[in-house]
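>>> give me the fold of what follows.
(2 chains)
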Amino acid sequence: MNFKILKRDLKRKKSMNFILLLFILLATTFIASSVNNVLVIMNGTDYFMERAGIQDYLMLTVGGSREVPSETDRDIESFLKEEKQVTQYTVDEVMYFTSGEVVPPPEKKIQLDNYTMLSSFQIQQQKFFDRNNREIKSMEKGTIYLPQKTMIANDLNAGDTIAIHTDNGYHKTFTINGYAKDALMGSDMMGAQRWIISNQDFEEMVLKSGLPYGRLYSVSCKDLEAFEQSNVDAGFSTMFNGGKALIKMAYVMDMVVAAVLLLVSLCLVIISVVMLHFNIVFTVNEDYKEIGIMKAIGIPEEAIRRLYLSKYFLMAMVGAVLGLFASIPFGRMLLEQVTQRLVLQEIGGGIGVPFLTSILVVLLVVLFGYHSTRRIKKLTPMDAIRSGNNGERFKRKGMIKLAGSKWRATTFLAGNDCLSEFRKYLVLLITSAVGIWLVIMPVNTINTLCSEQITKWFTVTDCDIYVSNEKKIAQLITSGDRQCFYDYLNQVEEKLKEEGIDVSKVVMEVLFRFNIRHGEDSCQPLVFQGLGTRTEDYFYDKGTAPVQENEIAITRIVSDKIHADIGDTVYLTLGKEERAFVVTAIFQSMNNMGEVIRIPEQVEFDYSDIPAAGSFGAQVILKERPEEEQYKKLLLQIKPLFPDAKIESATAYIQRQIGSISEQLNSLKILILVIVITINILVVVLMQKMFLIRERREIGMLKAIGFSNSAIISWQTKRIMLILFLGIVLGTVTATPFSQITSGQVFKMMGASKIVFEIRPLEVYVMYPIVLFVATVIACVIVMLRVRKVSIQEINVE
Amino acid sequence: MAAALQVKNLSKTYITNKRQNNVLKNINFTIEAGEMVAIMGPSGSGKSTLLYSVSGMDRPTAGEVMLAGKEITSLNEKGLAQVRLNDMGFIFQQMHMLKNLSIIDNILLPAYQSDKNHRTKQEINAYCKELMHKLGISEIAENDITEVSGGQLQRACICRSLMNQPAILFADEPTGALNRGASEEVMGELMRLNEEGTTIMLVSHDLKVAAKCSRILYIVDGNIKGELKLPRQGQALKEQADEKSIIRERERKVNNWLNDMGW
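Next up is the predicted model:
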């Protein structure tokens, strides 16, 4: 009997049941894919490091050769052999090159940001993966894998040929296989990248190319902290020196994308649960007549409840199975933004999580059904007779009055509906508010990352033009002579002046790695020394700029690490000598995850004792910054003077340093906008369809008393517009403070604890809200056109 | 007297399961302004279809309907909505009202939607109060629709149908959902409105209701089989003092006629 009633119910209320099924399907799709994505992202870098086989600690050196290792390499080897904390270590060979040694494919140019590392694909340090996350197990001679960033930035494709041509005349051509995922060097924050080639090619190049040689040490430790301390104390001068945690931290920019995605996923879960609850309550309310009749003929409450619960269970099962299948491609589509550089756990392989969440959705549906059917106790046979009204009413429904109001009838009806049955529209309100968060938060983050203030957070001087020539910088570093740096800066200034450019000065930030100690605490931060710059020109959170030769500024992160504050004396290891400095200022920096210190130009030490770790290139400060058009022309004018260098603005330079995060976030922003609009449209369409079914009698009645189709569409659309407007305003107003809480945390991880978000009001407060509003309203009007199909005769339909 | 409603060669055909069902067959009649006409007939004879077709609620398959001098069958949906809003009032058997509005707001709704006669909102509100007072429901103005009796609700529906001062009032079994007392209240109001000049066309199964009208059209199988004219009940009451005997006499007359028609 129950089965017969159920079968008839499913057939008779096709539209309502279909909408409920769709909601369950959508909820399962969102929840299953989102929960899975959350788990995948949370374990993202751990999984990548583990799969790649990254050891506890890595050190990268430059200098020497295979036959004659450099002094640093010899010291490191003996240190690793003797250090008690080391359980095992491996050594791999690498080579270095710059843009100047690369011959691009015809009609293309190659620009590399910094020095690039070359290694064989078969090294002990780690495994590499192709774009489909398959481990690269073999490579043909003459082929090469490039980093994804290089391929995109230089418009290179698989199959293109590229060559390395060195100063000694050695020339080697490679065919590009595609891009490889490299756990150690894959992040933009690492500042350098790695190209990988076959074993045979690498052997040949080590012997013949004459490229700078280096070694990569990969260390497993018993106690990492103790090892790090010994290593810092040893004070090796390396290209890179860091633990697995630092490498993971370098993916923080990718984690910005992941964090945004995480937020999207969590919001989708919220929307789904609200949607489900709303729909089930709505459906049960629709069934009051049947419930009343069943009670009238003596069917017990429990039996009625069982009947409805079995209906919801059945629909939940069908919806959940369909949703489970839909969640896999949907989840993949979302994750694609994060998987470009990371190797994440395969979502298809991890079907367990989506399966479990689908079961959770079934349970949720039954639970909401159980909760909602509590009302069965209250429903009486009178409800069936009196169409759901038993004459008792304790709460007034009409919240506003038409009599005396200045509104049009349709506007009044819309407003009154929203106020009288606010809970009915809550799901749309939440969806649109949460939706607008999802759009605005990444936009604020992107705009901040692309703003001019970002230079401030990257601890560089406010200059007008960057002239970055990696080859020249490498030469200067190798020279180990501070005067060579000044000479180069003078040359650049002279050249520019000869060209008639009004230059104020040309400066340079030189980067080192020193050991800094305060009492027992020490670390090895990135040290900035500006040649030609004034320390007063930089931004400090508190204190005053270090100007004397025994003064220093440290970041908040270094301050926390070594427990030193303004006025404290700290010790820097400058070569063989330890020198005392007084901390005069605290600042913040997004370089080196916030582990940065600044010393004034007055601090004298021998550059040959401590080779520089890098430089940003020559930084040109003009007497007067020209207008935008003139400025662009100026950049073009300078380019021929320095054919091997990249000429760009400070912001463009920083953007290049940050990497492709802006583009990634931009494409994610568009994807999120599309998802949010689609979800809003889906919710509105499904809600409207339900309202159309439920309100067909009211619509028939309004038609009967002379309301035209357009007036009825206007009523229903205004209702949705009102809720949408409220939701979007609520979302827009709260999105910016919410950005501080969410995206602000990511900036904090990067070293900038007090970021001020760049808010572009027109974009954030006007454009996106309007796009969401207009798109949803258009969809609503399209659905509402079905009002024309509702006939006056439906006034009598129960 | 001018015709409030003129129906010429009206037909309505439904096609169900490829079978043609001619519900109304070439119907012709006229209702003069100020008349109160009842449509009677057995179930399925086409009474309600006729009412819906002539009132612009449904479209006839063929024929012409002149309502307040306007030919309405050729109007588009928007034009028909205008006719329903401004030129006629409709009272249903069930008292359909919007549940989120109070009684007074339900009554005001069509007037606020209409721009007929360019009345100000104050004028509309005053007219609404006057109508409610006339129909004896002033005290329930602010009530919800679930807080009043069926008779009060139907009177509120009558008020609503009159808000735009229509040329004609249509009623489909206006007392069908009411008890005897409430039925009499509602019919009393309709008769009083008719006395004041409102043209009324109603469908009823109730002999007592039909006996209060000035003319009865009897419809069988989609054709008008017969017509009975009665003197205006209000006029008769004025001329003779014994109200009960007049009503009994009218009802007896209608009953005999209906028997002749095969009722």
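
>>> how close does A:L224 get to A:E83?
Separation of A:L224 from A:E83 (Cβ to Cβ, to the nearest Å): 12 Å. The C-beta positions use only the backbone N, C-alpha and C, and glycine is treated the same way.

>>> before we move on, what about A:K141?
Applying Cβ to Cβ to A:K141 and A:E83 gives a distance of 38 Å.

>>> likewise for B:N194?
For B:N194 relative to A:E83 (Cβ to Cβ), the value is 111 Å.

>>> those two: which is more packed in?
Between B:N194 and A:E83, B:N194 has the larger neighbour count (other Cβ atoms under 10 Å in any protein chain shown), namely 22 against 17.

>>> give me the element the more buried one is part of.
Taking DSSP states H and E as the criterion, B:N194 maps to helix B:180-195.

>>> A:Y217 should be in a strand, yeah?
Yes: with DSSP: H, G, I helix; E, B strand; the rest coil as the criterion, A:Y217 is part of a strand.

>>> what about the nearest residue in space to it that is not next to it in sequence, how many neighbours?
In this structure, A:Y217 finds its nearest non-sequential neighbour in A:M59, 4.2 Å apart by Cβ to Cβ, 6 or more residues apart in numbering or on different chains. By the measure other Cβ under 10 Å, the count of residues near A:M59 is 23.

>>> any idea how far A:M59 is from A:R215?
On the measure of Cβ to Cβ, A:M59 and A:R215 end up 8 Å apart.

>>> anything in contact with each of the two?
Shared contacts of A:M59 and A:R215 (Cβ atoms under 8 Å, 6 or more residues apart in numbering or on different chains): A:I76.

>>> now for the strand or helix carrying A:Y370, which elements pack on it?
Element membership for A:Y370 (DSSP H and E) is helix A:352-372. Packing partners of helix A:352-372 (3 or more Cβ pairs under 8 Å, 6 or more residues apart in numbering or on different chains; DSSP states H and E): helix A:14-42, helix A:252-286, helix A:301-335.

>>> surely A:V558 touches A:I516?
Yes: A:V558 is in contact with A:I516 according to Cβ atoms under 8 Å; the separation is 6.8 Å.

>>> the two: which has the busier surroundings?
Shown here are A:V558 and A:I516; by other Cβ under 10 Å, A:V558 has more neighbours (28 against 25).

>>> looking at the more buried one now. What's its pLDDT?
Listed pLDDT for A:V558 reads 92.

>>> how is the chain carved up into domains?
All of this refers to chain A. With domains defined by automatic domain parsing, chain A comprises A:1-49+A:255-392, A:62-238, A:405-453+A:659-798, A:456-658.

>>> try chain B instead
B:1-87+B:168-263, B:93-165.

>>> which ones are touching A:M16?
By Cβ under 8 Å, 6+ apart, the contact set of A:M16 is A:283, A:286, A:690, A:693.

>>> can I get the buried part of the residues you listed as one PyMOL selection?
Of the contacts of A:M16, the buried ones go into a single PyMOL selection, burial set by 16 or more other Cβ atoms under 10 Å in any protein chain shown:
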select buried, chain A and resi 283+690
